[in-house]
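[1] kindly return the folded structure for what I paste below:
(chains A, B and C)
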Amino acid sequence: MEKKSVSVTLEHVTKRFKDVKGKADVVAVNDSNFIIEPGELVTLLGPSGCGKTTTLRMIAGFELPTEGKIFIGNEDVTMLPPNKRDTATMFQSYGLFPHMTVFDNVAYGLKLRKVPSEEIKVRVNETLSLVGLADYGDRAPSKLSGGQQQRVALARSLIVTPSVLLLDEPLSNLDALLREQMRVEIRKIQRDLGITAVYVTHDRVEAMSLSDRVVVMKDGYIRQIGAPSEIYESPNSRFVAGFVGKAAFFPVTIMGHDGPHWTCDLGGRAVVVAHAADDVSVGDDAVLMARPESLRLAAPGEGHIDGRVRMNVYLGNSLESFIQTPFGEVLVQIDDPHAKRVYPEGAEVSIDFSPDRVRILNKDEE
Amino acid sequence: MSVKLVDVTKVFTDHDDRQKEFTAVSHVNIEIEEGEMVTFLGPSGCGKTTTLRIISGFETQTSGDVFIDGELVNDLPANKRNTSMVFQSYAIFPHLSVSQNIGFGLELKGMKKDAIKIEVDKIMEVMGLTSLGNRRPSQLSGGQQQRVALARAIVNKPRVLLFDEPLSNLDAKLREQMRIEIRRIQQQFGITSIYVTHDQSEAMTVSDRIMVMDKGEIKQLGTPFEIYSRPSNRFVADFIGRANFIEGLVCGLQDAVSIQVGKTVLRFPSFNPDVEEGKIGIVVIRPEGLVLGKTSSSAFFNGTVSHAVYLGSSMEYEISVDGREDPIIAVSNNPVKEGFFHVGDPVGISFDPVSAHVISGS
Amino acid sequence: MRRPARVCAALVPLDMGMSGSDWNVHWKKTRGTMKRFHFTDQWKDMKKLSGDPLLLCVIVVLLLSLIMFIIYPLLRVCIVSFQVDGHFSLKNFRDALTYSNGYYLKALWNSLWMGVATAVLGTFVAFVFAYSLTRANIPGKKFFNVIATIPIISPPFIGALAIVMLFGRNGFISSTLLGMRNANAYGAKGLLFAQVLTFFPVAYITLRGVLESISPTLEDAAMDLGGNRFTIFRKVTLPLAIPGIASSMLVLFVESLADFGNPLVLAGAQFPILSVQAYLEITGMGNFAKGAALAFILLVPSVSVYMLQKYWVSKKQYVTVTGKPTQSTNNVVSPTARWILFAVSCLIASVVILVYASIIWGAFAKSWGNSYEVTFDNFKYVFRVGFESVLDTLTIAGISTPISGIIGMMIAFLVVRKRFIGRRFMEFSSMLSFAVPGTVIGIGYILAFNHAPFYLTGTLAILLLNFIFRYIPVGIQGGVAVLNQIDPSIEEAAVDLGADSNVTFRKVTLPLMIPAFFSGLIFAFVRSMTAISAAIFLVSAKWKFMTVQIMSQVESGRIGAAAAFSLILVGIILIAMAVIKLILRLKYQTTSSILSG
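    Alright, predicted model coming up:
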């Protein structure tokens, strides 16, 4: 790919709609401000209605921002229609032209650009091979499986060598297994071609495995931006913590803060924690967030929280142990069920953790 | 036992071309115990849904017998089998309220209104639907509709509870929560249950035993542990979780099997009964069974990390190894503890033969 | 996720998913497995059915009725036309086509090319409207929608009446405004205008449905790849709409061929039309054989084109929505194009308004063409002379509509949900009514029920039977649309919970079908109230029909009375529609299907 990668910049972008009855304003996207670096794959992640799709559509040009500016590279594209922007979109429903063959679908963008037919032939075949559909040129889209249709859509977008690739939940209609395979493929192609990409999904596993960075959104607001590891290990709020992974939230009261260490009261016991979000202070009632893999089981009395094993679920590569505690049910992940000691169902246990594997967050649910 | 299928087969004939036949289910035999939750697992088109529908009575098998609680039910229509199904689309009656939906089956049985109300209220409490009794289905969320469907099925006290991919219309997070709940409820009521899904982590979570199917045939029937750690064939090994396959020659077979790979000979205590000496054997190693460290001559493989994916609670690596077409897939389940590798890093891969399993190469 | 049943499509004789293979497609959509049937499976189903005697009985009765009241009359037409003195002969055809220097040949030719012209022009007008409303987002959508559908609820010869009133000898435009003396409104041009006006709403409803079903994502994708708006229209929207356009044209052709009211008024001796000539041959000349032959000649192109549409073109509809459909707010029409479309739509709308304005004015004018003084005289005259026919019409429509609605629903349910020998036949014969011109049916009924043992001519029975079986397809279409919307799992759930097929039908399927049933009733009522081509053969001294009366007023030059009568007719229809909508809203808290959402 000889083309240079470009950045995508959103400057204070807001989108307001009139609601269905035409009365109140619905703020779909609220003051979004971020830069996507050249060659980066950034995922917009959040529950339905959070504004991620609207944001993507504004970058593509299908929606106009109510306020703010959008730049692709250094060019202000805010007012440009989709056909004048150097973006290519992969739609959730694929949007393949049913009255054209696979070949014609993929060739469409090139035909519009008046590329000579000899060249079109070569490039289409190249791109189809890239996505693993080399011999499918003559087929009709209706005769393809979901996964194949998806790859045709990808080929169609890639062939016009866009500066920015936009993907709107492209995998949601596929089987679990196919989804896993396709996301690896998409990521590989994106990396190899070095295209800047924006991906929208509500599936956190997808977001984590694909992205260079993740933008977590809720109700039109950006809640946190960061690399997957950052979002996962250092979430700044209860919402983000719970959305990007499984987590237990224990109610604590913050007693003291000394250097890197926070001391809290957890159900009457003193506990030391090494990490805390920015919006908590001494004296607050807060929550202690712990991921299942950060917790371990020990004999009763040895750990911080006492409980009893209610159910063990064997997942093959790990064991999930559901512990009934005074704080409710807590999930503990046991990594190597074959090696470690497994506490059977009904056993009395206690839950333990190290200070640097847990985090204090503001108790606000929102 | 509760449900028994004896040599059940279902063949569909093409309407337009009478010669074309499609075997959806092929000679399925299974005995399901009372109170057990068994999952039919496999890719789309493998026959799992058809088998479920044969048990419920919505499909008629071409040959074979179906027994429920010892009774031969082949000729019994669906409404007389006393089985309850939770449908993929929930199939809640849109013109009835939540409580009317749940009480539908009881009404058909001729129960008195007061008795129905008691039962319905009880189940609504268990399912967390108490305040929703008068709502219309269109006013409920996906998760709530699902619970109504489940309540409606359970309240009839069926002999068998059937689940037809009930969670596929929910988003990822809700799916994870609901499958735990379904399992909890099933255990609480102790109803024999059959669950159909294509999602293997779902199957692992809810089941006492799993029946893996492909192209109408049973590939393996066993507990989640057996399916995962002792797969009988390559299809099962590949379908459940990720797997690495190492081919070698079986050069010894006693209480452990000896496999020769290149110049190395390793002994594996866990192997399939159909492994034969002198033939090809395939070593199946799960990604989490591999240990990554520095490259060294004592490592089994030495390679380079070609792909690294951070999943939060785990780190997945693809490692390309010279001479191997497929990369080795390794998983670190606690990467913070075990350390991170990056794309391009050289890495040595070892494993304990105890955590591997050998299947036949034929 | 699911759209409410498009019951207004019931008006349009388009097949939207009725045959068994469509049920399979629907099944496939929800199941992803193949489900085909084999003869031994059919025997298994018959066995299942024999365990349900009520069902079996109903099926047999329905099949017999369909044979008796749809197939048999048509058979009589064929027999009579191919028979001379009890022998097979083509003499009648030869006579008919050579009569008076090929006068009837000319009528055939006129009918055919009028059909083509109406098809093309009507589809074009409808497409402009449909596209403007669905894609161009012009202002006043609700208004234009009403304009496009008004002609459906009016008598089909309103167009002709308006032509006479505006361009005839005493025409407002020709005589009063332009001062022409003997202006002639009759002939091809006037008829074309009247037919386009009458039938473009039919095409409009189809085309609007087709355009709405084209996923906006496709146009988004095309624009995203660099296409400008015109390219998108040319390469994406239009090609995908072509099956719908073809369907509309074929349907309009069939409707035009069957049209009777307009040609009766406007097609004079200089421009003969086959449907009218067949009528005149029988009622005027009393020559049944030749009349039957003409009817047969009329039947052939109608049925063949209808079959073409139903079994070939309608299957070519593209499935454009895969996966989850998304809404698009993209503007595929440039602002300039938008205003042009708006202007054209306004032009068309004003023509329609002009037509209806004339009718209204004519109803209140003292003597059209001479004195435009406002008066109620016309209405008084109509009440005096036509009151009886109003009662008769209401009786006939009022009885036949619910019956045909119920039978239609039953057939819809049987054909979509059940398997039995004769299912295809049931489906085919009940839809045949849409393919056959009313004239042919009317003649058929006379030939079939004029002799013992079926001496029914001149009675109420013959009118009722004709209307019931003629409008069964309306109920069937509505029923099929609803049934295809009901998730099959819902009925399976009922069975699974212990219900047998009767209980399932009563407690689950029927309640879900009822809103569509009522909506279907509206359209069946409208069609029966505005029917003329078959009714005109079946009325008698004892049983009069409003549309026939209006015709005779027109023929005797009482324009004012005809206009007034037409207004009363439309008024009655509007009241009936309002009543049914009220029932729907009160009892079912909906004005459309409760399956939406």
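[2] which helix or strand contains residue C:159?
    Taking DSSP states H and E as the criterion, residue C:159 maps to helix C:158-167.
[3] any idea how far whichever helix or strand comes after that helix is from the middle of the chain?
    Moving toward the C-terminus from helix C:158-167, the next helix or strand (DSSP H and E) is helix C:188-213. In terms of C-alpha atoms, centre = their mean, to the nearest Å, the centre of helix C:188-213 is found 11 Å from the chain centre.
[4] which strands or helices does helix C:188-213 pack on?
    helix C:91-134, helix C:141-153, helix C:158-167, helix C:238-258, helix C:261-266, helix C:335-364 (3 or more C-beta pairs under 8 Å, 6 or more residues apart in numbering or on different chains; DSSP states H and E). All C-beta spots, glycine's among them, are computed from the backbone N, C-alpha and C.
[5] part of a helix, is residue C:494?
    Yes - under DSSP: H, G, I helix; E, B strand; the rest coil, residue C:494 falls within a helix.
[6] got the helices and strands packed on helix C:188-213 as JSON lines, with mean pLDDT and distance to residue C:489 columns?
    Formatted as JSON lines, those follow (pLDDT from 0 to 100; distance: least, C-beta to C-beta, whole Å):
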{"stretch": "helix C:91-134", "mean pLDDT": "88", "distance to residue C:489": "32"}
{"stretch": "helix C:141-153", "mean pLDDT": "87", "distance to residue C:489": "34"}
{"stretch": "helix C:158-167", "mean pLDDT": "87", "distance to residue C:489": "46"}
{"stretch": "helix C:238-258", "mean pLDDT": "91", "distance to residue C:489": "30"}
{"stretch": "helix C:261-266", "mean pLDDT": "90", "distance to residue C:489": "47"}
{"stretch": "helix C:335-364", "mean pLDDT": "90", "distance to residue C:489": "43"}
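[7] closest to residue C:297 out of those?
    helix C:91-134 (6.1 Å; C-beta to C-beta).
[8] and the closest one, what other elements does it pack with?
    Using 3+ C-beta pairs under 8 Å, 6+ apart: helix C:91-134 touches strand C:83-84, helix C:141-153, helix C:188-213, helix C:238-258, helix C:274-279, helix C:288-311, helix C:335-364.
[9] can you give the strand pairings for whatever helix or strand comes next after the shortest one, parallel or anti for each?
    Translated: strand C:83-84. Sequence order places strand C:87-88 as the next helix or strand after strand C:83-84, per DSSP H and E. Strand pairing for strand C:87-88, determined by DSSP bridges: strand C:83-84 (antiparallel).
[10] contacts for the partner strand, please.
    C:89, C:91, C:92, C:289 (C-beta atoms under 8 Å, 6 or more residues apart in numbering or on different chains).
[11] ok, now with 6 Å
    residue C:91 (C-beta atoms under 6 Å, 6 or more residues apart in numbering or on different chains).
[12] go on, stretch A:51-61?
    With C-beta under 6 Å, 6+ apart, stretch A:51-61 has contacts from A:15, A:28-29, A:44, A:46, A:63, A:65, A:80-82, A:85, A:87, A:89, A:166, A:168, A:198, A:200, A:217, A:220.
[13] tell me the domain ranges of the chain?
    In the absence of a named chain, chain A is used. A:8-233, A:246-362 (automatic domain parsing).
[14] wrong chain, I was asking about chain C
    C:1-8+C:17-31+C:39-81+C:392-597, C:93-375.
[15] ok so residue A:35 is a strand residue?
    Yes - under three-state DSSP, residue A:35 falls within a strand.
[16] just give the nearest non-adjacent residue to the residue of the stretch 351-500 of chain C found nearest chain A, would you?
    Proximity of the stretch 351-500 of chain C to chain A (C-beta to the nearest C-beta) peaks at residue C:487, 18.5 Å away. Leaving aside its chain neighbours, residue C:487 sits nearest to residue B:89 (5.3 Å; criterion: C-beta to C-beta, 6 or more residues apart in numbering or on different chains).
[17] and that neighbour, its phi and psi?
    When read as degrees, to the nearest 10, the backbone of residue B:89 gives phi -100, psi 10.
[18] now do it against residue B:44, distance only.
    16 Å (C-beta to C-beta, to the nearest Å).
[19] ok, residue B:302 - contacts?
    So residue B:302 contacts B:295, B:348 (C-beta under 6 Å, 6+ apart).
[20] what bridges to it?
    residue B:348.
[21] can you tell me how far it is from residue B:309?
    21 Å.
[22] about what we covered before: pLDDT value on the residue nearest to residue C:487, please?
    On pLDDT, residue B:89 comes in at 87.
[23] ok, now residue C:591?
    44.
[24] select, out of the domains of chain A, the one closest to residue C:115.
    Closest among the domains of chain A, using C-beta to C-beta: domain A:8-233, at 27.9 Å.
[25] what about the closest one, how long is it end to end?
    Counting by C-alpha to C-alpha, to the nearest Å, you get 26 Å between the two ends of domain A:8-233.
[26] if we can go back for a sec, who's more crowded, residue B:89 and residue B:44?
    residue B:89 (19 against 15; other C-beta atoms under 10 Å in any protein chain shown).
[27] that one and residue C:486 touch, don't they?
    No - counting by C-beta atoms under 6 Å, residue C:486 is not a contact partner of residue B:89; they are 11.1 Å apart.
[28] ranges for the helices of the stretch 1-150 of chain A?
    A:52-60, A:102-112, A:117-130, A:146-158 (DSSP state H, counting those that start in this stretch).
[29] reformat the ones you listed as CSV; add mean neighbour count.
    Shown next, in CSV, are the helices of the stretch 1-150 of chain A (neighbours: other C-beta atoms under 10 Å in any protein chain shown):
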stretch, mean neighbour count
helix A:52-60, 25
helix A:102-112, 22
helix A:117-130, 15
helix A:146-158, 23
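[30] including mean pLDDT, could those helices go into TSV?
    Below are the helices of the stretch 1-150 of chain A laid out as TSV (pLDDT from 0 to 100):
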stretch	mean pLDDT
helix A:52-60	93
helix A:102-112	91
helix A:117-130	92
helix A:146-158	90
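[31] which stretch among those helices comes nearest residue C:561?
    Nearest of the helices of the stretch 1-150 of chain A (C-beta to C-beta): helix A:52-60, 59.8 Å.
[32] pull the CA atoms of the closest one into CSV?
    Backbone C-alpha positions of helix A:52-60 (Å, rounded to 0.1, in the frame of the first residue of the first chain) are rendered in CSV as follows:
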residue,chain,number,x,y,z
LYS,A,52,-21.5,5.0,18.7
THR,A,53,-23.3,4.3,15.4
THR,A,54,-24.3,8.0,15.1
THR,A,55,-20.7,9.0,15.6
LEU,A,56,-19.6,6.5,12.9
ARG,A,57,-22.2,7.8,10.5
MET,A,58,-21.0,11.3,11.0
ILE,A,59,-17.5,10.3,10.1
ALA,A,60,-18.9,8.6,7.0
